[in-house]
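Pasting the sequence and the predicted coordinates here, then a few questions.
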Amino acid sequence: MSAPLSTKDWAIAQLITNGALSLFLINVAIAALMSLVFGPVFFSLGNLSGILLNLASEAILAVGMMYLIVSGVIDLSIGANLALGGAITGICLQGSTLFGLVINPQPVAVAILWGLFASSLGGLLNGLLVSRVGVNALIATLAMSKIIGGAALYIGGSEIANLPEEFCVLSQTRLLGFFMPVYYTLVVVLLGAILLSRSRFFRRFYFIGGNTRAAALSGIKVPPTLTAMFVIMGFLAGLAGVIFAARMGNASGNTLPNIELNVITAVIIGGGSLLGGKGTVAGAFMGVVFINLIKTSMVIAGIDIYWQPIVIGAILIAAVVFDIVIQERYAVSMNLRRLKGRRTRIVGQAT
Amino acid sequence: MREMVRATLTNRALSLLILVVLISALMTALFPKYFFNYYNLRQLLFYLATPAILSVGMVLLIVAGVFDLSIGGNLAMSGTIAAAILIALPSFPVAGAMLIAVAASTLAGLLNGLLVAYVGVNALITTLAMMGILRGVAIMLAKNPIQVSASFASVGAPFVLGFQIPTYYMFVIVLIGAFLLSRTMYFRQLYYIGANRRAAELSGIDAKKVLLTAFLISGFLAGFVGIVQAASSNAAIGIIHEGIELKVITAVIIGGGSLAGGRGTVLGAFMGALFMLLVDTIMTIASVNNMYQPFIVGVILVLAVTLDVVIQKNLGASR
């Protein structure tokens, strides 16, 4: 029998295999360092509240993106879909004419539902293209991002300003020092994490991403599951769009451009693999926190804002290379240990 | 007859050519004054140069089952490096500054290739990260557009026989690329790598080296386009051509490439780029509202990729 792992080995194994945990520790270390160097400029409730508020959209999107990446697909249309959700909610709140149809101002709840519905519909189209027609997810969602983004731009225009007060309070209210989007984000992330790790339907994502054929052969209905996943992604994009519109008090057809690339970066840093089958929601969230922490720290340290994409890009490469190197070395040392255990056993039997 | 239809459908460059001719004939009939004239042709070929040259590098990668998202940032970096050197050291030879810039872009391609082929990082992640880095460098170097000198502009701006120089660069590069990918042993290995990398390696192909070469070429071409772009528009701009990588990938896919690897040709990619530009041009000439344009482009793309999948399935089934 092989020797049980020592506490130290177990701790190292946890750190290496649990991307969320190691990222959490790195985030804590960065925060501690920043607090030591910059004192109350960094270490304040206001700054914490600001960081969490700013990462709300990315974190909500990261939950859905992690689902997709775990399953081995991707969605480049989430930025457009986010804008669409906000824009539809905006025109439903304010009333407008669209394609000759007169839209009367709707109550807040109805307007939000329309926004969420529109984005979910965008997700459904993505899902059908990928799972039923069989178009590569990257190309399908890239093309769809033009359609969805084009629709958002047509509907929302450059800006739908002055959204009603009773809608804006949804995001502009503070509770215990934090704005409401922080709480919405935490709810989505927690719910998303529990579903992916505990629910049978969501755990299928890992099987599909790990080996689509094997998943299909073992009875998982891959196309409907994939479609559902894209609908969830669309819904979350709409949710992020509504929350963001309420926070800003306006909606536009072109909010948060390129957010999809930030979200993918965060998910990968958080331990997702584009090959599928790997990743956790907690890891994705920690990835979002990490990137926003780095950005905020750079601003507070007075570093030119143009350095941000350079630093984030370098970190992304470093993280992935580090991951590959560690995984390989760790796998090698684990195998050696197993071999060694077997040898002592055989030698023991012989004597 | 059925064989002919099938041959046309499977030869993407040919079917796109027919489509382009049909669209052009229709446009000529509808807008005789505005579509079929020298000025429009000249501008079309000029604007085609950038995506067409980049698509040569991209098709090599897509055939091998990878791609490069950093070409937009890379071309911006190349133009701004050359311009920034000449601003900092006005007496520096223009050709030298351009060479350094293209070398920097090729180096970025080398880094992409090393990370993807040798370290084993996913191409999307590698080139996504590199996109941020290179674009960041470009914007740092040229927060405002840097005007370039007349001698700098002379490599991209002048007209020769009625057409702008980049048009000629494009034809030369596309022809060389088409020859290399379809006729030379070395580059045809990309198809094997894309179809089945393990099998290719087991049969003796040095996949790492060939992949690295493809990334090098992609970086080099991006650097070259960056110089030509800055020269022909008289300015190096940090934010130039944001998002062009996705357009180029789309052109290659429409031109018969597959992100799964193993499929695609240089001529197909060229026709794909031409087709996409034609769609843009038509909407401008037909005075389609700017607000509708991305939507219509998206619908055409979705139809194109859907049709592709359907055709492939049916051809596969009937065979």
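Cool, the structure landed. Worth saying up front: this structure is predicted, and the values here are computed from it rather than measured.

Any stretches of the chain with poor pLDDT?
Using chain A here. Counting by pLDDT under 70, chain A shows low-confidence ranges at A:1-5, A:10-18, A:330-351.

looking at chain B here, not the other one
B:315-319.

mind listing the strands in it by residue range?
Applying DSSP state E to chain B gives strands spanning B:146-147, B:159-160, B:163-164, B:235-236.

Equivalent analysis for chain A, please.
Under the criterion DSSP E, strands of chain A are mapped to A:96-98, A:101-103, A:174-175, A:178-179.

Nearest to residue B:172 among the ones you listed would be which one?
strand A:96-98 (49.1 Å; Cβ to Cβ). Using the backbone N, CA and C atoms, a C-beta is placed for each residue, glycine as well.

For residue B:79, find the nearest of the strands of chain B.
Closest approach to residue B:79 among those is made by strand B:235-236 (4.1 Å; Cβ to Cβ).

one step back: tell me which of the strands of chain A approaches residue B:286 most closely.
strand A:96-98 (22.6 Å).

Please identify the deepest-packed of the strands of chain A.
The highest mean neighbour count among the strands of chain A, using mean count of other Cβ atoms under 10 Å in any protein chain shown, belongs to strand A:178-179: a mean of 18.

before we move on, back to that, out of the strands of chain A, which is closest to residue B:175?
Of those, nearest to residue B:175 by Cβ to Cβ is strand A:96-98, at 48.8 Å.

can you list the residues that contact the closest one?
Outside strand A:96-98, the residues within contact range by Cβ atoms under 8 Å, 6 or more residues apart in numbering or on different chains are A:91, A:103, A:155.

The first one - how many residues pack around it?
Burial of residue A:91 is recorded as 22 neighbouring residues (other Cβ atoms under 10 Å in any protein chain shown).

ok, it - contacts?
Counted by Cβ under 8 Å, 6+ apart, residue A:91 has contacts A:98, A:103, A:155, A:156, A:160.

Now the two most distant members of those.
Farthest-apart pair in the contacts of residue A:91 is A:103 and A:156; separation 13.2 Å (Cβ to Cβ).

Between the contacts of strand A:96-98, which sits nearest chain B?
residue A:155 (9.4 Å; Cβ to the nearest Cβ).

from what I can see the closest one touches residue A:87, true?
Yes: contact criterion Cβ atoms under 8 Å: residue A:155 and residue A:87 qualify, at 4.7 Å.

These two - which one has more neighbours?
residue A:87 (29 against 22).

Residue numbers of the stretch 1-150 of chain A in contact with chain B?
Proximity of the stretch 1-150 of chain A to chain B (Cβ under 8 Å from any Cβ of the partner chain) is limited to residues A:74, A:76, A:129, A:133-136, A:138-140, A:142-150.

circling back to that earlier point, now do the shared contacts for residue A:155 and residue A:87.
residue A:253.

Chain neighbours aside, what residue packs nearest to residue 154?
Just going to use chain A. Of all residues not flanking residue A:154 in the chain, residue B:291 sits nearest, at 4.7 Å (Cβ to Cβ, 6 or more residues apart in numbering or on different chains).

Chain B, not that one
residue B:231 (7.2 Å).

Near that neighbour, how many other residues are there?
Residue B:231 has 27 nearby residues by other Cβ under 10 Å.

Over to residue B:158?
11.

and which of the contacts of residue A:91 is nearest to residue B:305?
Nearest to residue B:305, judged by Cβ to Cβ, of those is residue A:155 at 24.6 Å.

Distance-wise, check the closest one relative to residue A:100.
14 Å (Cβ to Cβ, to the nearest Å).
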